[in-house]
Structure formats: C-alpha cells, structure tokens
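>>> With the input below, show me the fold.
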Amino acid sequence: DEAFVTKVAQCLPKQVVVEGSSETTDASDTRSDITWAYFSNAHRVLTGGFTSELSLSFLYKNSNFDKLIMTNLKKALEERGMSRNSVLHNCAVTAHGYLTAGTTNDSFLRDNLDWMKKASNWAKFSATASMGVIHASHTTEAMTLLEPYLPPSAPADDPNAEHPTVSATGGYAEGGSLYALGLIHGSHAGSSTEKRLEASTFLRKHLRNSHANEVISHGAALGVGLTSFGSADLEVVGELKELLYTDSAVAGEAASYAMGEELAELVAELRNYSRETHHEKIIRGIAMCLALVNYGQEENADATIEEMRGDRDPIIRYGAMYGLALAYCGTGSNKAIRILLHTAVSDVSDDVRMAAVIGLAFVLHKTPERVPDLVRLLLESFNPHVRYASCMAVGIAMAGTGDSDSVALLEPMLTDMTDYVRQGALLGTAMIYMQQSDTCNNRKIKTFREKLANLVGDKHQTTLTKMGAILSTGLLDAGGRNCVISLGSRNGFTKMTSAAGLVLWLQHWHWYPLMHMFSLAVTPTCTIGLNKDFKYPKKFEVQCNSKPSVFAYPKKLEEKKEEKKKRVETVALSTTAKSKARLARKKAKEDAESGGDSAESAMDVDKKEEEGESKKEEGKEEEKAEGMDIDGEGAKEDKPKKKREPEPTSFRISNPSRITKAQAEVCSFDLDQRYRPIRHAEKPYGVIMLTDSTPGEEEDLGAVKTPAAEEEADPPEPFEWTPPGHPDHPDTKVDEKESGKGEGNEKPAADSTAAN
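Numbers count the residues shown, from 1 in each chain. Below you'll find the model as predicted:
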C-alpha cells in the first residue's frame, strides 16, 4: 500500500544537511552518524526504490531468456503468412514483453525492427507500450529509452512556455510511449517515490494538453494511473475526471481505470455518469473503477457491491463481481464464495458469469488447492464462458505449482469445441507450469511446449486459439524464467499492486492493450542475502536437499542444422542392362559386316557381361560374410557404454539465485558458514539479512547496481593524444621507418651498378 508506506517513511526522522556544511539543521540532535545511516537505509527501503533496484538487478543478471523461442515464433507466423494478421502479430510482440519482463533485454526487437514496423494504429500503440514491460522498474533510464517515441512537450526549464499543439489524428506511438512510462514506474510497488512523482508530473502535463487526441489521452491516463497508484491524490483525480467528461469512449475508459487505481471518493458521481453516457467502453471503465476502489474493504464494500449487483446493466454487474473479488481478496470469505457461485450459475449475462467464476481465484488465493475442487463441475458447464473462466481461475490459483491434478483437470479443455475455451485452457496450463523444470509432471511439460509450437503453425486452428498459444509461450518463461504470478507476499500479505494488475490484465478480453498490465501481477522469485551495508556476500550459500534437475531451468532450444542431401545413385534394372547388351551385340555384328574386328568386339561384349555377373555374385557373398561377422566376432568388439553417473541428492545455491516457493520448502540455512541469517528459523526465500561471524576478515562483496551502471566500462589508462601529421604521431613514425628502409635498399643497388 503506497499511501501507508509513505506515512511510515514520514514518521521516521530524516537528516537534512545544510549546503556547504556537514552539520544538520537541528543543532540539538545528538544522534550519531551510525544512527543516521540506519535511518537513511530505512528511507531507502521504504521510498528510495531499493527493493525495485534489487529486483531489476537480479532479473538483468540472472535472465535465462531463450531468444530462439521468439525466433521460431516469428518464423512460424511468417511461414503461413500470419504476420499479416494484426492480432497474432500484436500477441507475438506482447509475448516477447512477457518473456523479457523486467530484464531490459530488448535485443530481439532491435534486431527485427522491420518486423516490428508491421504494427499499425492501435497495434503500434501496444507494441510501443511493450517497451514498458521489458524495462519495468528501470526508472533511471526511462526517459532516455522512450525519448524517440514521446510526444513533443514544452521545455522543462521555461515554466511559461506553451505546450505544442496536439494533432487530432495519429499519435499511436506517442500514446504507447506514455503508457510505457507508466508501466516502468508502476510495475513494482517498491519503486522510488521521487522518480514516480517526476514521471507523474510529466504525464499529467500531457494529460491536460492532449484532450484533442484520444489516443495520446488514453496512454497518458493509463500512465498517470500507474504512476499515482494508491496515492489518493485529489488533484490527479480532478484531471482524470475532466478527461472522462469529454465523453470520448477510448480516453474515458482509460480515465476510469486510472481513477480506480487511486481513490475511493466520487463513487456516487461515477455511478450517475455511467447511467448518462451511451458509450459501452466508458461504462465498463467506470464499473472496473468501482471494483478497484473497493480493494480490501471487505464488509465496508457490501452496500456498494449489493447496489451494483442489482443494476439492470450487465456491465455494472460485471464490475460488481470483480469488486466482490477484490474486496474479499485472500480472505476466503464463505459469504463472498456463496455469492460468486450463485451468480456463476444464475445470471443471464455470460460476461457476469465469467467474472464471478474468475473471482473465486482471488478470494481463495491463500488456500489455492480449494479452487480446482470448486470449479470441477463448472468445467463441464454447457456455457463456454463459464468453461473459459474456470480454466483461468484454476490457472491463477495454482500458478507456478506444476500441480499434476490441476493440469489433468484442464487437459480435456485443450480440445474443446469452442476456440476461446481452448485459449483459456492454454493460458491456465501455462500459468500452472510457470518456473517448472523439464522433469515436471513426468516430463509432460515438454509435450505441452511442443503443442504450443505446433498450434501456432497449424492452419486449421482459429485466431483465438493461436492467440492463446502465443501468449502462453510468453507466460511459461516470464521475466527470463525468473518470475511467477503471485498475489501474496513472502509473509502472507495480499499485494495490492499484483491483485489490481491481474484484474486489469484479465480485461484484455475486451481491450488488447491491457495485456501489458501483466507486468504488475508477476513477482521475481529471487533469494538474496544482504549485509548491513546492503551488499551481498558472494560466499553465502543455501543448502537445497533435492536433486538439481527438479528445480533447474528448462533446457534452451537448439537450432536445427540443415543436413546436406546426398545424391542417390540411380539403380539400373537387370532388364535394362540386358537390353543394352543386346543392342551392343547387334551393333558389333553390323560392324563385323563392314570391318574385320567384329568378332573381337562381340567377344568383348560377352566378356563384359560375364565379368559384371561375376562381380554381382562376389558382392552378395561379401555381404553375407559381413553379416556373419556382425552376428559373431563383431558383437564381441562393441565398445562398452558409458555409465551415467547418479545425480546428487542435494546441492548448494549461490547468492543471489532463483529459489521458487516449492523449492524453498526443501532448502535450509547452513549455520556453520561465515554469514548467517538473522532469522534462521524462516525459509530461505526473498531478501535475507545476514550477520558476519568474523567481521575482521576480508570480504568478497557484490553491489546492487542498475543495468546502466553494470554496462559501464572501466576508464582507460592515462595517455597523450597527438594529431595526425605530428612528429610524435605513431603513423608518422611508421612512414619514416618505411622510407628509411627503402633508401637503404636502393644504395647497394647503385654501388653494384658502379662496380659493374
């Protein structure tokens, strides 16, 4: 909760240093420098963005992104001419965003710019926004990365300068870049408050001045909502409300989503406006806004939700189901489950029933094993929307577990008659298989990966099924295979950012650009031990009491080498050989009548035939002899096969490393090593604070750095620069030496001529 964390940080004392002096403003303060250092570290963790830097550094260094997955996906789409299909091309770009979420690895896009340029209109908006998913939390370089795409703005130095006029048409890349800026700052709850405020101010400036262009307004509104997430800022809400009242369908929908991410006020006002407007997109935006506003309210939200449930408009009832899911998220409330199940089988609207089933996964996210049992009968429903929602609910609840029973439950849905049910089954199965090794579920995960690759290239499959296969490819290996969908924190608290992000991601059913909200829902599964200075000791290790293959990264794909086709010799039939011999004899007889060598030539032909037949017989006899050798002596000469060494039953994990929740259950701390955890009774998962048992000895420490700082090369050694043509320039000296050698060679030649 951003507002709560900010209040805690405000309660802590902060050292304010006078410029040009080392003294603090408060002379009566007697705290030591060490104490101030502790407070400084606390501020850095709460509002300074340290946790965001930690995740970014881990995802950048430990990325296991397999570039060949995207290369094969691109090739499959191009082979069938499907790259012309805007939906599938957009999904492929989005899948790339999922695969590299937070890793800052955009090399594939840079290498395939022509392929990226195929996106047009809203697909271009979405493709540009995917940059925000790839560079999530990279706040220090956000403006530099997006500078080529951002819309022109007034100079920051001149407050009186007018904002450039915004064109009413186009602006898809510009709008997408504003959305991307929001994703970079809003994807991680622990990002720097100062950087977030700077981005929010920049986006609000564009929000106020871009009402003429609904695309840029849409991107700016989503960006403002993400950067001001949970801030409860009335000024921001006022600006978003102005955009909403322009009655622009696209921009108004984004403004509603953004307001839902910020404030619990103006509920009645929004309800009234939803009855006045005729735009379905705005009504849906307001419904989801009211749902987001009720996050964590439990009984306090009952009155609002009950009123929304009784509304005649199915879109408002749709919002009520998500509102109920968020209000009771993680509580396991029987009342909420009863209402959701009743709505799932009784409401006349398919969308409302779908939202009710998906809501079960949110309410029960702390006891996920209950969800598959609850939706088991719903998976057999006659309504395809309910079947789709059941698949998604199982996937969200059991994400990253690799549970074989849940996979078996969804398996029949992979061959369902309805295409979007197959899409839901693919997405749900991919979520369950997140971060699982190749040995998971008796190696069935490898079969599933192959199925995804085959579906994309299958011309008989519909667009929606292929869309599910492409997105599932991204979900399986999200964040460089280091991220998983998680609604709860390490200590069991529900994460508001993840819950809201997942709800908004599910709205891609109605609006594709919301696919990028997935970056809010995923969490890096990094385990990192830190000392008191927030540096990680490289010699700290965690003991894992399991075989390495159980929790290993999946094996990367290998490029298929094209085998050179060997030219096959044409086989001559015996009848052909005889006919050729007959012709040769005939020709020989004709020659005999004209010349004297006829008898000899005829004899030669007969001899050749006899030799050919004898060679064939010899070849057959040799083959038989070789066969006998293989059966007899050859068997004895076979080389003995290498024995496979048994896999170790335990191994040690270095610092930092990926440790999944399931793996943490079989891991333990080695308390005999130099660095020991402060809370050694806990499972080794997440950030672990360490103590040094021998502080006097030399340490091998690593610092948490941003990707930009990691890539900086060491400065060169001191040197003196001399311009070309200068006597001391290296090229000049080389020329002088060569000319000297030439002169030396000429002199002996002249002497020799004189002697002659």
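
>>> What strand or helix carries Tyr553?
Assigned by DSSP states H and E, Tyr553 belongs to no helix or strand.

>>> What sits closest to it if chain neighbours are left out?
The shortest distance from Tyr553 to any non-neighbouring residue, by C-beta to C-beta, 6 or more residues apart in numbering, is to Asn64 (4.9 Å). Where you see a C-beta, it was placed from the backbone N, CA and C, and this is true even at glycine.

>>> what about that neighbour, neighbour count?
14 (other C-beta atoms under 10 Å).

>>> Please give me every residue in contact with Ser191.
Gly49, Ser52, Ser137, Thr139, His185 (C-beta atoms under 8 Å, 6 or more residues apart in numbering).

>>> TSV for those residues, including secondary structure and distance to Pro513?
Below are the contacts of Ser191 laid out as TSV (DSSP: H, G, I helix; E, B strand; the rest coil; distance: C-beta to C-beta, whole Å):
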residue	secondary structure	distance to Pro513
Gly49	coil	26
Ser52	helix	24
Ser137	coil	20
Thr139	helix	22
His185	helix	17
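
>>> Let me know the closest of these to Asn441.
Here the nearest of the contacts of Ser191 to Asn441, counting by C-beta to C-beta, is Ser137; it sits at 32.2 Å.

>>> all strands of the stretch 1-150 of the chain, in order?
Taking DSSP state E, counting those that start in this stretch as the test, none of the stretch 1-150 of the chain falls into strands.

>>> hang on, the earlier thing: wait, the residue nearest to Tyr553 sits on Gly480?
Yes - if you go by C-beta atoms under 8 Å, Asn64 and Gly480 touch, sitting 5.3 Å apart.

>>> Now render the contacts of Ser191 as a markdown table, adding pLDDT and neighbour count.
Listed next are these as a markdown table, based on pLDDT from 0 to 100; neighbours: other C-beta atoms under 10 Å:
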| residue | pLDDT | neighbour count |
| --- | --- | --- |
| Gly49 | 83 | 23 |
| Ser52 | 87 | 24 |
| Ser137 | 87 | 31 |
| Thr139 | 87 | 24 |
| His185 | 90 | 30 |
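
>>> Return the closest of those residues with respect to Ser228.
Using C-beta to C-beta, the contacts of Ser191 come closest to Ser228 at His185, 9.7 Å.

>>> In contact with the closest one, which residues?
Counted by C-beta under 8 Å, 6+ apart, His185 has contacts Thr139, Ala142, Ser191, Lys195, Arg196, Ala199, Ser200, Leu226, Thr227.

>>> if I pick Pro707, what's in contact with it?
Pro707 neighbours (C-beta under 8 Å, 6+ apart): Leu56, Ser57, Tyr60, Thr104, His138, Glu141.

>>> I'd like the distance between the closest residue to the fourth one other than its chain neighbours and Ser63.
Spelled out, that is Thr104. Spatial nearest neighbour of Thr104, chain neighbours left out: Pro707 (4.8 Å); criterion: C-beta to C-beta, 6+ apart. Taking C-beta to C-beta, to the nearest Å as the measure, Pro707 falls 10 Å from Ser63.

>>> Show me where the stretch 251-400 of the chain has its helices.
Under the criterion DSSP state H, counting those that start in this stretch, the stretch 251-400 of the chain carries helices at the ranges 267-276, 280-293, 302-309, 314-327, 334-346, 350-363, 370-375, 384-397.

>>> between the fourth one and helix 267-276, how many degrees?
What it means is helix 314-327. Here helix 314-327 points in a direction 150 degrees away from that of helix 267-276 (axes from the mean of the first three to the mean of the last three C-alpha atoms, to 10 degrees).

>>> What angle do helix 280-293 and helix 314-327 make with each other?
Using the same axes, to 10 degrees: helix 314-327 against helix 280-293 is 20 degrees.

>>> for the last one, same thing?
Helix 384-397 and helix 280-293 are oriented at 40 degrees to each other (the same axes, to 10 degrees).

>>> pLDDT averaged over helix 384-397 - what is it?
Averaged across helix 384-397, pLDDT comes to 94.

>>> next structured bit after that helix?
Following helix 384-397 in sequence, per DSSP H and E, is helix 404-410.

>>> Distance-wise, check Met413 relative to Asp419.
Met413 is 12 Å from Asp419, by C-beta to C-beta.

>>> Counting neighbours, go ahead and name the busier of those two.
Legend: neighbour count by other C-beta under 10 Å for Met413 and Asp419, higher for Met413 (22 against 17).

>>> How is that one classified with respect to secondary structure?
Secondary structure, DSSP: H, G, I helix; E, B strand; the rest coil: Met413 is helix.

>>> That one and Leu427 touch, don't they?
No - using C-beta under 8 Å, Met413 makes no contact with Leu427, being 10.6 Å away.

>>> In the chain, what helix or strand scores lowest on average pLDDT?
In the chain, no helix or strand scores lower on mean pLDDT, DSSP states H and E than helix 633-636, which sits at a mean of 44.

>>> tally of neighbours for the closest residue to Leu326 other than its chain neighbours?
Once flanking residues are discounted, Leu326 sits nearest to Tyr295: 4.4 Å by C-beta to C-beta, 6+ apart. For Tyr295, the neighbour count with other C-beta under 10 Å is 22.

>>> next one: Pro723
Pro723, neighbours per other C-beta under 10 Å, totals 7.

>>> so who does it touch?
Here Pro723 is in contact with His729 (C-beta under 8 Å, 6+ apart).
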